[in-house]
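> What shape does this take:
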Amino acid sequence: QVKLVESGGGLVQTGGSLRLSCAASGHTFSDSAMGWFRQAPGKEREFVGGVIWSTGRTLYADSVKGRFTISRDSVKKTLYLQMNSLKPEDSAVYYCAAKPYVTYIPSFEYEYDWWGQGTQVTVSS
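I've put the predicted structure just below:
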């Protein structure tokens with residue numbers, strides 16, 4: 001059974017940093033793409049970025065490019081989202097997701113098969 005568990009969310013001031021983690025289990029993930037999404041109250045879930053697990057190739061939404069960095073630790077089977085220069089508009093519940101057996105990075109919610117429960121990030125102004 002695949003399990004994705006996010007952690008690392010919290011309250012931070014504008015301009016601060018947070019690192020989210022997503023511990024993955026139940027699958028090799030070496031054949032997968034993994035993504036980060038976020039959902040603010042009253043808004044649709046949006047793509048933040050993703051990574052091809054085997055190669056480390058990444059893709060980011062324009063809104064976070066240059067501020068957020070995705071990485072992974074294959075030994076720990078953990079995905080990370082380093083968030084710097086945070087803004088109030090980054091406040092949301094952040095989710096990690098996985099899509100097996102692909103060589104591209106999906107950017108739409110419906111493309112992913114497995115999801116974590118989410119972790120809240122709040123950026124105060």
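> Other residues contacting stretch 21-33?
Outside stretch 21-33, the residues that touch it by CB atoms under 8 Å, 6 or more residues apart in numbering are 1-8, 34, 36, 50-54, 74, 76-81, 96, 98-106, 114, 116. In this view, the C-beta of every residue, glycine as well, is placed from N, C-alpha and C.
> in it, what counts as buried?
21-24, 27, 29, 32-33 (16 or more other CB atoms under 10 Å).
> how about a markdown table for these, with distance to residue 46 and secondary structure added?
Below are the buried residues of stretch 21-33 laid out as a markdown table (distance: CB to CB, whole Å; DSSP: H, G, I helix; E, B strand; the rest coil):
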| residue | distance to residue 46 | secondary structure |
| --- | --- | --- |
| 21 | 20 | strand |
| 22 | 17 | strand |
| 23 | 23 | strand |
| 24 | 21 | strand |
| 27 | 25 | coil |
| 29 | 23 | coil |
| 32 | 21 | coil |
| 33 | 17 | strand |
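> now residue 1: how far from residue 82?
28 Å (CB to CB, to the nearest Å).
> make that residue 100, sorry
To residue 82, residue 100 is 24 Å away according to CB to CB.
> got the end-to-end distance for stretch 23-39?
Using CA to CA, to the nearest Å, one end of stretch 23-39 lies 20 Å from the other.
> So between residue 1 and residue 82, which is more surrounded?
The neighbour comparison of residue 1 against residue 82 (other CB atoms under 10 Å) goes to residue 82, with 14 against 6.
> Excluding chain neighbours, give the residue nearest to the more buried one in space.
residue 69 (4.4 Å; CB to CB, 6 or more residues apart in numbering).
> The one you found sits in which helix or strand?
Per DSSP states H and E, residue 69 falls inside strand 68-73.
> Each with direction, which strands does that strand pair with?
Strand 68-73 has these partner strands in its sheet, going by DSSP bridges: strand 78-83 (antiparallel).
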